[in-house]
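Dropping the sequence and predicted coords here.
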Amino acid sequence: DARRHQAGFAIYTPELDLSRTSHLSLLSELRQAVEQNELRMFLQPKVCLKTGRVDSAEALIRWQHPRRGFVPPFEFIPFAEQTGRIGQLTRWMLLRAMELTRDLAAKGTPLTVSVNVSARDVQDAGFPEVLDALLAQSGGAPERIRLEITESGVMENADRALTVLHALRARGFTLSLDDFGTGYSSLAYLRRMPVSELKIDRSFVQGIHRDADGESLVKSTIELSHNLGLSVVAEGVETIEEWQTLVRLGSDYVQGYFASKPLAVEDFIAWRAARTPF
Ligand code: C2E
Ligand code: CA
Ligand code: CA
Ligand code: CA
């Protein structure tokens, strides 16, 4: 029995070591990702339903790992948040977005880029100064950068986050409430948050053309947003039927695979130049 027990240990210990090793190695690999230039900024267009134009896009991080290959965000963003490395990734994305929007404005093809900001960032009282430094470094304009925040990130400590958000607004950044409908959905806080845009989560958009309840949910969300002076982006629009339903319900923007998947920056620029509105 004792031997079997030991044998059991002999079997399980290496697995534990392996998982601990890969955890530690992921941590150091993440640290190197920035220095080794393994991160990429991809862009997914947001189509304006009023004009048919693409004057804004969401920046989505990509990690091209030399050995692991493509590592999707859900495999390292939560990890980076838990281990305190997310701030470095946020800064990297913000700098890329500021440089790109600066260059595109100079070329006469301006673009507004939305950057995802984590709970840690909005809970960090020093975050507004981080953005000041990045603006100074890049020569970018805050009006060209939109910061996507989530309700859960704000709710962690709402008073502290609201102070940070107001400081960001005061600098000229605009704010967007991401994944709307999946978090606490506190309407009281929605009123207090200095956001100018609300993004309806993909889960409410999928199959909306054949779901009467889902349709009235989205319809009232759009009406509420417009009453509060916010513009609305519907996320995850994959089909013409979903697109047309969202046009009918009065969504301001659509984003999703039906228009385009997230693209490498050069591909996005070529895609945008080649398309005609609608
Ligand atoms: P998110 O902010 O909600 O971003 C939208 C996600 O939906 C992206 O996944 C995008 O590729 C995907 N998507 C867009 N259109 C469609 C569609 O029509 N159908 C489907 N099925 N999916 C669609 P991605 O790029 O894998 O990112 C996943 C999540 O990782 C993001 O969700 C965001 O929470 C996080 N993330 C990505 N980049 C960053 C970043 O730079 N910083 C931070 N903090 N988080 C990031
Ligand atoms: Ca987002
Ligand atoms: Ca989202
Ligand atoms: Ca999300």
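Structure's in. What do you need? Numbering: from 1, shown residues only. Ligands and ions are numbered 1, 2, ... in the order given.

who in the stretch 101-250 of the chain is up against ligand 3?
178-179 (C-beta under 5 Å from the ion). Every residue, glycine included, has its C-beta placed from N, CA and C.

Tell me where the stretch 101-250 of the chain has helices.
Taking DSSP state H, counting those that start in this stretch as the test, the helices found in the stretch 101-250 of the chain are 119-122, 127-138, 151-155, 158-170, 187-192, 202-205, 212-227, 240-249.

So what's the gap between the fifth one and the chain middle?
Just to be clear, that refers to helix 187-192. Remark: helix 187-192 is offset 21 Å from the chain centroid, using C-alpha atoms, centre = their mean, to the nearest Å.

Not counting it itself, show me its contacts.
Under the contact criterion C-beta atoms under 8 Å, 6 or more residues apart in numbering, helix 187-192 has outside partners 151, 154-155, 158, 162, 177, 198, 224, 228.

Closest one of the residues you listed to ligand 3?
Relative to ligand 3, the closest of the contacts of helix 187-192 is Leu177; by C-beta to the ion it sits at 9.6 Å.

Please tell me I have it right and the closest one contacts Ile200.
No: at 9.9 Å, Leu177 does not count as touching Ile200 under the criterion of C-beta atoms under 8 Å.

Look at the two and report which has more neighbours.
Legend: neighbour count by other C-beta atoms under 10 Å for Leu177 and Ile200, higher for Ile200 (29 against 23).

Now do the contacts for the more buried one.
Ile200 makes contact with 180-181, 218, 221-222, 232-235, 251 under the criterion C-beta under 8 Å, 6+ apart.

And stretch 33-46, what's buried?
Within stretch 33-46, the residues that count as buried by 16 or more other C-beta atoms under 10 Å are 33, 38-39, 41-46.

nearest to Gln137, of the residues you listed?
Using C-beta to C-beta, Met41 is the member of the buried residues of stretch 33-46 that lies nearest Gln137, at 16.1 Å.

Can you tell me, leaving aside adjacent residues, what's nearest to the closest one?
Spatially, and ignoring its direct neighbours in sequence, Met41 is nearest to Arg96 (4.5 Å; C-beta to C-beta, 6 or more residues apart in numbering).

Kindly report the same for Arg102.
Arg102's closest residue in space is Gly140 (C-beta to C-beta, 6+ apart), at 4.6 Å.
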